[in-house]
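Asks: Predicted model, plus sequence, below.
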Amino acid sequence: MRRSFIFFILALAISCDSNRVFEENVVFEDRAWKISESVLLEFDIEDSSKPYNLYLDIRNSIDYPYARIFVNYSLSDSTGAELSKKLISEYLFDQKTGKPTGDSGLGDVYDHQFLIGSNFSFKHAGKYKARFEQFMRQDTLQGVLAVGLRVETIQ
């Protein structure tokens, strides 16, 4: 009975997220993001008349060796035309105290959502691709468990 109730609450919480158009995260084996592993996510936009917010999702553990992370981001349409490109720099730990930021869900794991596109307008409905590449000084970035993208409508 208790399991059914927990499952029902979880399903209700997920279904109530009416702003979400797309959200997907790529989980890295060995709890590390290798420089050779770029994250490519494809999503559909059905209504180009609405504005959207785009978020970079990062899940990390306390094993992450730095306060900050650098990620190259690009967004392209179905023809391959690049719509947006930037270097993202965000803090995963407080730079003075070293205390983890983000939301903690499981012990030493922290979830972050960083706004990378505010009030973004897609020119047409269709398929789009977002690419994320780690841009750190190490080939293997320990402590990064997953990277993803969230696209949501603005109400």
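Replies: Sure thing, it's come through.

Asks: residues contacting the residue sitting nearest the centre point of the chain?
Replies: Centroid-nearest residue in the chain: residue 57, 2.1 Å away (criterion: CA atoms, centre = their mean). Neighbour list for residue 57: 23, 25, 111, 112, 113, 146, 147, 148, 149, 150 [criterion: CB atoms under 8 Å, 6 or more residues apart in numbering]. C-beta here means a position set from N, CA and C on the backbone, and glycine is covered the same way.

Asks: Top of the residues you listed by number of neighbours, please.
Replies: Neighbour counts for the contacts of residue 57, by other CB atoms under 10 Å, peak at residue 149, which reaches 26 neighbours.

Asks: In contact with that residue, which residues?
Replies: Per CB under 8 Å, 6+ apart, neighbours of residue 149: 22, 23, 24, 41, 43, 54, 55, 56, 57, 130, 132.

Asks: Quick check: the gap between the fourth one and residue 106.
Replies: Plainly put, residue 41 is 23 Å away from residue 106 if you go by CB to CB, to the nearest Å.

Asks: same check, this time on the second one
Replies: As for residue 23, its distance to residue 106 is 19 Å (criterion: CB to CB).

Asks: ok so, going back, name the element the residue nearest to the centre of the chain belongs to?
Replies: Using DSSP states H and E, residue 57 falls within strand 51-61.

Asks: after that strand, next one along is what?
Replies: strand 68-77.

Asks: Is it correct that residue 45 is in contact with residue 129?
Replies: No - if you go by CB atoms under 8 Å, residue 45 and residue 129 don't touch, sitting 11.6 Å apart.

Asks: So which residues of this structure form helices?
Replies: Counting by DSSP state H, the chain has helices at residues 2-15.

Asks: Show me what the longest strand along it is packed against.
Replies: If you go by DSSP state E, the chain has its longest strand at strand 109-121. Contacts defined by 3 or more CB pairs under 8 Å, 6 or more residues apart in numbering; DSSP states H and E place strand 109-121 against strand 51-61, strand 82-91, strand 103-106.

Asks: Any chance of JSON lines for these, columns distance to residue 123 and mean pLDDT?
Replies: Listed next are the helices and strands packed on strand 109-121 as JSON lines, based on distance: least, CB to CB, whole Å; pLDDT from 0 to 100:
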{"stretch": "strand 51-61", "distance to residue 123": "12", "mean pLDDT": "97"}
{"stretch": "strand 82-91", "distance to residue 123": "8", "mean pLDDT": "96"}
{"stretch": "strand 103-106", "distance to residue 123": "33", "mean pLDDT": "78"}
